[in-house]
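Undergrad: Provide a 3D model corresponding to the input given below.
(4 chains)
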Amino acid sequence: MLSFVAQRIVKGVIVLLAIIVLNFFLIRLAPGDPAVVMAGEAGASDQVFVKQLREKFGLDRPLPEQLFIYVKGILSFDLGFSFRQQAPVSKLILERLPATLLLTMTAFAISLVLGILFGTLAARWAGTWLDTAITAMALVFYATPLFWIALMAILLFSVTLDWLPSFGYETIGARHTGFARVLDIGAHLIMPAMTIGLFFMATYTRMTRASMLEVKRLDFVKTARAKGLSDRVIQRRHVLRNALLPVVTLAGLHTGTLVGGAVLTETVFAWPGIGRLMYEALIQRDYNLLLGVFVVCSAMVLIFNLVTDLVYRMVDPRIQYSA
Amino acid sequence: MRQFARQMLRNPSGLIGLIIVVMAILVAVVGPLIFPNSPWRMVQRPFLPPFTLSAVPLGTDALGRDVFAGIIHGARVSLLVGLVSTLAALAVGVPLGAIAGYFGGRVDDALMRFTEFFQTIPSFALAIVLVAILQPSIYSIVAAIAIVSWPPVARLVRGEVLSLRTREYVQAAIVTGQTNRWIIWHEILPNALSPVIVLASLMIATAILLESSLSFLGLGDPNLISWGYMVGAGRTVIRQAWWITVFPGLAILLSVLGLNLVGEGLNDALNPRLARQGR
Amino acid sequence: MLKKLALSVTLACLTAAASAQEPKTGGVINAVIQPEPPGLMLALIQNGPTQMVSGNIFEGLLRYGPKLEPLPGLAESWTISEDAKVYTFKLKPGVTWHDGKPFTSADVLFSIEMLKQTHARARGNLGQLEKVEAPDDLTVVFTLKQPFGPFIGIFEVGSLPMVPKHLYEGTDFKTNPNNNTPVGTGPFMFKEWQKGSFIRLVKNPNYHVKGKPYLDEIYWQIIPDAAARAVAYETGKVDVLPGGSVENFDVPRLSKLANTCVTGAGWEFFSPLAWLWLNNRAGPTSNKKIRQAIMYAIDRNFAKDVIWNGLGKVATGPSASTIKFYTDDVPKYPYDPAKAKALLKEAGYNGEKVRLMPLPYGETWQRWGEAVKQNLMDAGMNIETIATDVPGSNQRIGDWDYDISFTYLYQYGDPALGVGRNYVSSQIMKGQQFNNVEGYSNPEIDKLFAEGANATPDSKRKEIYEKAQKILVEDVPVAWMLELQFPTITRCKVKNLITTAIGVNDGFRDAWVDK
Amino acid sequence: MPAPPAVSIKDLRIALPPGGERPFAVDNVSFDLNPGEIVCVVGESGSGKSMCAHALMGLLPDSVTTESGTISFEGKNLLSLDENGWRDLRGRRIAMVFQEPMTALNPLLRIGDQMMEVFEAHGLLTSRERRRKAIELAREVGLPEPERIVRAYPHQLSGGQRQRAMIAMALALEPAILVADEPTTALDVTTQAQILKLIRDLQRNRNMAVMFITHDFGVVADIADRVVVLRHGQVVEQGRSEQVLGHPEHPYTKALLAAVPSMDPPPRAPLTGRSKAVDVIGIDKTYVTSNGWFQRERRVRAAYDVSFSILQGETVGLVGESGSGKSSVARLVMQLLEADRGTIRLGDIDLTALHGQALRQQRRRIQMIFQDPFASLNPRRKVGQIISDGPIAHGADAKQARARAGELLGMVGLDAGAMERYPHEFSGGQRQRIGIARALALDPQVIVADEAVSALDVSVQAQVLKLLEDLKARLGLSMLFITHDLRVAAQICDRIAVMQRGIIVELKATAALFAAPEHQYTRELLAAVPGQHRPISRSA
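TA: Down below sits the predicted model:
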């Protein structure tokens, strides 16, 4: 087990390095650089100023040298310095990461719980109106653009009904403490989390349903019936457990990508997370920050994949670490 | 083939999906010929609500442009982006997956590492970065969507090929002295096709969503009208003029829904296990 | 001395007029800031949002009224010598930095030196400066190489912010830890900044103007999506939407909300003017007739009424009407597609592709780009829109790789500061996104602007600049569109927010909330 | 037998969904199960024997319906029970053992937990008692180390152990009736023999009625008290086992029995003075699965120092249980696998030294017939293409190749109209014929038949074997015949090699091997072949 983890970590580091190198060059292919952006914003663009900025950011050096410096930093867990925000990249990301994790993990939990619940119900009552209703709902959420749901939700719940705050992480200036603060954050969290969650909920609903129907046909379910077990026990212990394996695996793989994929939601709901940070870094050509976000997001993906694998291995006794 | 068509038609949701998709394709192909006016032309007063003037049945947008014309012309772009980017993703994913699965060993290892690598980078983020770097245009959008969507194809094809490779008829082909290329082309790929077709229909749907998301962030091709662009452009005025966002949004929803239904219908029709069960 | 007295009187009148009610102390204001500023150290960073927030923390020597007249700031009075070359400033006594250290003329000298290194626009503005001296703690004397009319206009907080010498001298400015917790002399002090959420400023209890500021706290909320900002205002989460923070399409709707006050004031100093860069060097736009055709082809009233919701004013030429020495006695270009077509034909335009680059600053600009494209195509031009983001567009403009490109620029109150730079040939430099990007070169214009900057008295300058405007409008080096107005939307309970020509950027020192 | 029957099935009729091959899966079937008696329900695939078993458990698939008839058990008609009534009976009074023990066990639950579920289902015992009972049961069915094995997961057990566990579950509540649906089909012969003995013993000890579904007459002969022969859902014959096996009345039963290969090898002319068609010298093959850089590799030895030769016109059999490496040897000979060491000569050509184009050239001389008639034909190519693809690859003219394909189809007993059809339009036996035609299309000298008849029903199996024998004689082919079925081997092979764990333990002329097996393993194999001790009528 340890060697399995070690091996995955080494592989992960190699993948991360490859991602860094690829993105390093990719980002620099883009027209314009941070010096140009900052000169533009400063309302003055004389050459001296741009040159100064380039020198300051080290952009005047040859690309391989820049890459070398960057990678050297990464190896000592230094993600570099954000040109534009004038702060260490790791600090900027750490400031934003909790918000994103809170958002995506909530979305993930909601989508998984509801998805499995609806999927189970639909499979249990396959062919009935309930199944049709759940399947139709899942299909619609699966096909609806995420940003659209976000817009509609704001219109309905913030503007028309005024039930939920439409933006931000908590009520600014309210200075809630303790439980009141938790409630406050929760209220801010509902809409963005649901927005992300609905699509995945639809995915898991459909998958759970399909998987349950598939497992239902397997021989051991017949064995269980031949033992005289009640339907409920069969559903829970035999069907659901086996059916959830692929769902949980897929969900685990989703979590990682969720972290980097929350750009739209974070923008629409002004959620101070790293998806937005990435987009801002991109349009400002803040190379180090953008790379840093990519590294962190990719590392998340790798970590979640590893965790998923470990969980999977715990749930499914057929897989061994080494044999 | 006939049996397949019968299977497809027997499935009511698949049939509904098929009808939606065929209609969307008809609109995309024929629509602009029937309504040749540029959707960019400012034809009426801005923010004209829908169903008030028969000349602009779905109202006008912030500049007084015909929303209906936009949806008709946008169908072509949205569907084309979906289709072309899916084809591009298939063009990368299918050969890669086939080679990895067929030859196995180190080739497989290398290609799968490559695929995993692309799957590790969050795909939407990568798409954004690619479009921003290449500067938004129909080509960069198609390329970006293709680049982020080929890995699942490669994995699927690899898995299929991996299992097909050990099939006895493939071994029979080896034994009769066929070349690798002939075997991949004639024995393996035709049999790996059905799951790929199912996946492709779902990928078109995803690509349409992806294009609309990019357009929503302002990363669409400014010279072409697409549904995603319309939603993105309409969202700032959604409070005054819901119709600018609602109608193209519905168009996206319907076509994506249709494609998904078709995908499911195909899956049911092509899935041998279900077919066998029916017998 | 007499001058100083007169000024104080004007100031008193102004204050009295602005607030019929007695200001009330206390309260919190939530304002929107967009985008999130990269930092608040105004001497190092001068982009829009930084200026808007930091104007509360830092101060300049002078402030400027709505007519661009200088008002006392950290300097309580000033005199200009007869030969217009020596400016003597008397600093206000008893001013302290937020950390309690006194503000003196040494700080001014240090700031000048630091800004020459770090503030590109200040470096330009100070180009005519021969020397600056501090005879005593409260006196600063600027000596110019030659008379420079606009010099009195360069002292507002964004152009020449005062920096604490004791915290910055001898340090590496870029990495000075105080950059994260800026220390100024202003009415508010920096308190906290939650990245991605808000910046919080609190009242400076030792502010040098007695009784001010009235507010206890200001929250600058960071909301990246324009629609979300509008909703935030509607749902009462913020009280102040500075100019440009919501899309124009939302302005009429928000203006109609109860208890909402809208003002276009506070932009006089900047007077943003929007135009299209027309590449004078190559392609169809190098032909003057085609450039004129473009002016005729574009329906600028449509843009003003539909895209800008009637805000702003159709531009007549290179100067905004709020800028000194403006004249409307210039050739006119009404919307006339037929004339545009005729001119295109005359110029021999044969459908070559012309690349149009909109400004990547949000939906309003996108829509405008689309409308202009359609106008030009209706006139018979073959337009292709190039999509870029900010860095991409800056790069292309800097590389002169465009045919037509949107822009809008500040004019800083004086043609010598904000107008001439866009047309004189000495400002043709690759790599810039400002100044003479279009590549227009006319020796006569060069001469007129050179004379105008150093001429005295003002009547002489007026004559020179009016002549320049006429020539430019005839030549159409760029296609002027609109004098922009960015309305500031506030809840009406917020009083006295905008009192000077730089509006919200001048801080909330006079603002108060009617409870 | 005076005692009343435990279960009485009367006029049972089960309807298939409309549009199928026939209207009824089970048509008017009646038979009794008596306490202390094993009734074998025999039939070929599709005869409806499994339906009977499932009907008795109330586990029929939703797509079929019981049209009429009764199943009387303990004074009730089972067919009128509701789901609760069924649930009460299942596991407690009627229990079932399934064919494939791997899939019939939940892979995620420990064996012991799955056993304990039976008690739980009927609300019996406390959880501690259940555990104790599970261990007891494990011991009773002969599972090794019962305390340990109840904590194991299904995948950690061998096939035989899994089936024992299934039986333990079925017997947990001492049911009156045990339904065993092909319980030994998926097992090796030696394991099969053990399981059969176990069922027989338990049945005797507990005086159970057993309904045993099978297609293998050898098994029937070993275990049955009474036999019910099913065909197309109808009972063609039933009676005491000695009666049905020894003196069958119905022609179908006779034909079935005649198709069962005999254990007595027919006399064969000695092959002397012929040259070697194939010479296998010292082949080694070890599968290495690497699990990455940090883990030990997993090694499975498939062939170790395997040497044998096939003379021209000779058939050499390769027999052994699953995992013995016989299929690997077939693939090594075919050069579908690369040997780690050793030489394979085809005539005078060393195949192991060839690669690429040169190897492809030589491949036409040695062809293969595969096991699974469903997997060995590309479902998307027409039969004509399937047969002519090989010759075309070797440069034959397309038209001639097609004409030849037609001839070959005739030779294997299909009409030339088959050319334009797709494989799924043919039955299993027909497909195997197509596979043979494909192998013959290249005019090979050697045929490797890998379990070529194992997937076929006995009657079809007999036909295909006959066809192979004929063709071999007519075309002078040499053959390597891989099988796990010693009866089949006895009938077709000149010499037989017995493989165990990658090693050939014995290689002899067929008659000599059957008459005087030397190696212990060969003896075990021979002893385990079912149906040797009861006479089976072979007169068709």
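Undergrad: how about the residue nearest the centre of chain A: what's its closest non-neighbour residue?
TA: Chain A has residue A:258 as the residue nearest its centroid, 1.6 Å off, counting by CA atoms, centre = their mean. If the residues on either side of it in the chain are set aside, residue A:258 comes closest to residue A:104, at 4.2 Å by CB to CB, 6 or more residues apart in numbering or on different chains. Heads up, the C-betas are built off the backbone N, CA and C, glycines and all.
Undergrad: in contact with the one you found, which residues?
TA: A:196, A:255, A:258-259, A:262 (CB atoms under 8 Å, 6 or more residues apart in numbering or on different chains).
Undergrad: just the pLDDT for it.
TA: Model confidence at residue A:104, expressed as pLDDT, equals 90.
Undergrad: likewise the one 4 residues further on?
TA: Model confidence at residue A:108, expressed as pLDDT, equals 90.
Undergrad: and the next element down the chain from whichever helix or strand it is part of?
TA: In the assignment (DSSP states H and E), residue A:108 maps to helix A:89-124. Next along the chain after helix A:89-124, taking DSSP H and E as the criterion, comes helix A:129-143.
Undergrad: just the CA coordinates of the helix or strand following that following helix, formatted as CSV?
TA: Counting by DSSP H and E, the element after helix A:129-143 in chain order, helix or strand, is helix A:146-153. Only the C-alpha atoms of helix A:146-153 are listed here, as CSV (Å, rounded to 0.1, in the frame of the first residue of the first chain):
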residue,chain,number,x,y,z
LEU,A,146,-24.5,25.9,-16.1
PHE,A,147,-24.3,29.7,-16.4
TRP,A,148,-27.9,29.8,-17.4
ILE,A,149,-29.0,28.0,-14.3
ALA,A,150,-27.0,30.5,-12.3
LEU,A,151,-28.6,33.4,-14.0
MET,A,152,-32.1,32.0,-13.5
ALA,A,153,-31.4,31.2,-9.9
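Undergrad: near chain D, anything from the following helix or strand past helix A:146-153?
TA: Sequence order places helix A:178-216 as the next helix or strand after helix A:146-153, per DSSP H and E. No: figure legend: helix A:178-216 not in contact with chain D (CB under 8 Å from any CB of the partner chain); closest approach 9.7 Å.
Undergrad: ok and helix A:178-216 relative to helix A:129-143, angle-wise?
TA: Calculated by axes from the mean of the first three to the mean of the last three CA atoms, to 10 degrees, helix A:178-216 forms an angle of 110 degrees with helix A:129-143.
Undergrad: pull out the buried positions in helix A:178-216.
TA: A:184-185, A:188-212, A:214-216 (16 or more other CB atoms under 10 Å in any protein chain shown).
Undergrad: show the pLDDT at the residue in chain D that chain B sits nearest to.
TA: Nearest to chain B in chain D, going by CB to the nearest CB, is residue D:390, at a distance of 3.2 Å. Reported pLDDT at residue D:390 in the predicted model: 89.
Undergrad: would you confirm that it contacts residue D:443?
TA: No: with contact defined as CB atoms under 8 Å, residue D:390 does not reach residue D:443; the gap is 10.1 Å.
Undergrad: who touches both of these two?
TA: residue D:364.
Undergrad: just the mean pLDDT for the host helix or strand of residue C:276, thanks.
TA: Using DSSP H and E, residue C:276 maps to strand C:273-278. Strand C:273-278 shows a mean pLDDT of 94.
Undergrad: next: stretch B:248-260.
TA: Average pLDDT, stretch B:248-260: 91.
Undergrad: report the buried residues of that stretch.
TA: By neighbour count with 16+ other CB under 10 Å, stretch B:248-260 contains the buried residues B:248-249, B:251-253, B:255-260.
Undergrad: distance between it and the chain's centre?
TA: 11 Å (CA atoms, centre = their mean, to the nearest Å).
Undergrad: is chain C within reach of it?
TA: No: figure legend: stretch B:248-260 not in contact with chain C (CB under 8 Å from any CB); closest approach 14.7 Å.
Undergrad: ok, residues contacting that stretch?
TA: A:139-140, A:142-145, A:148, B:16-21, B:24, B:67, B:70-71, B:74-75, B:78-79, B:82, B:201-202, B:204-205, B:208-209, B:212, B:227-228, B:230-231, B:234.
Undergrad: one step back: who's more crowded, residue D:390 and residue D:443?
TA: residue D:390 (26 against 13; other CB atoms under 10 Å in any protein chain shown).
Undergrad: name the element the more buried one belongs to?
TA: helix D:383-393.
Undergrad: for residue C:326, same thing?
TA: Using DSSP H and E, no helix or strand contains residue C:326.
Undergrad: which residues touch it?
TA: Neighbouring residues of residue C:326 by CB under 8 Å, 6+ apart: C:319-320, C:469.
Undergrad: and the pLDDT at it?
TA: At residue C:326, the model reports a pLDDT of 91.
Undergrad: contacts for the helix or strand where residue C:375 lies next, please.
TA: With secondary structure defined by DSSP H and E, residue C:375 is part of helix C:363-378. Helix C:363-378 is contacted from outside by B:38, B:40-42, B:62-63, B:218, B:222, B:233, B:236, C:226, C:247-249, C:276, C:294, C:297-299, C:302-303, C:306-308, C:337, C:354, C:356-359, C:383, C:385, C:406, using CB under 8 Å, 6+ apart.
Undergrad: okay, and which of these map to strands?
TA: C:276, C:354, C:356-357, C:383, C:385, C:406 (DSSP state E).
Undergrad: can you sort out which of those residues also neighbour chain B?
TA: residue C:385.
Undergrad: neighbour-wise, give me the winner out of the ones in strands among the contacts of helix C:363-378.
TA: residue C:276 (28 neighbours).
Undergrad: verify the stated contact: that residue with residue C:408.
TA: No: judged on CB under 8 Å, residue C:276 makes no contact with residue C:408 at a distance of 10.3 Å.
Undergrad: and the angle for the helix holding residue C:375 with strand C:353-357?
TA: Taking the same axes, to 10 degrees, one finds helix C:363-378 and strand C:353-357 inclined to each other by 160 degrees.
Undergrad: what does the stretch 201-350 of chain D put close to chain B?
TA: D:331, D:334, D:336.
Undergrad: now render the residues you listed as CSV, adding secondary structure.
TA: Output for these, formatted as CSV (DSSP: H, G, I helix; E, B strand; the rest coil):
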residue, secondary structure
D:331, helix
D:334, coil
D:336, coil
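Undergrad: of the residues you listed, which is the nearest to residue D:318?
TA: Closest approach between these and residue D:318, by CB to CB: residue D:331, at 11.8 Å.
Undergrad: quick one on the thing from earlier: now restrict the contacts of stretch B:248-260 to buried residues only.
TA: A:139, A:142-145, A:148, B:17-18, B:20-21, B:24, B:67, B:70-71, B:74-75, B:78-79, B:82, B:201-202, B:204-205, B:208-209, B:212, B:227-228, B:230-231, B:234.
Undergrad: name the SS class of the spatially closest residue to residue A:148 that is not a sequence neighbour, please.
TA: Computed as CB to CB, 6+ apart, the closest residue to residue A:148 that is not its neighbour in sequence is residue B:249, at 4.8 Å. Secondary structure for residue B:249, judged by three-state DSSP, is helix.
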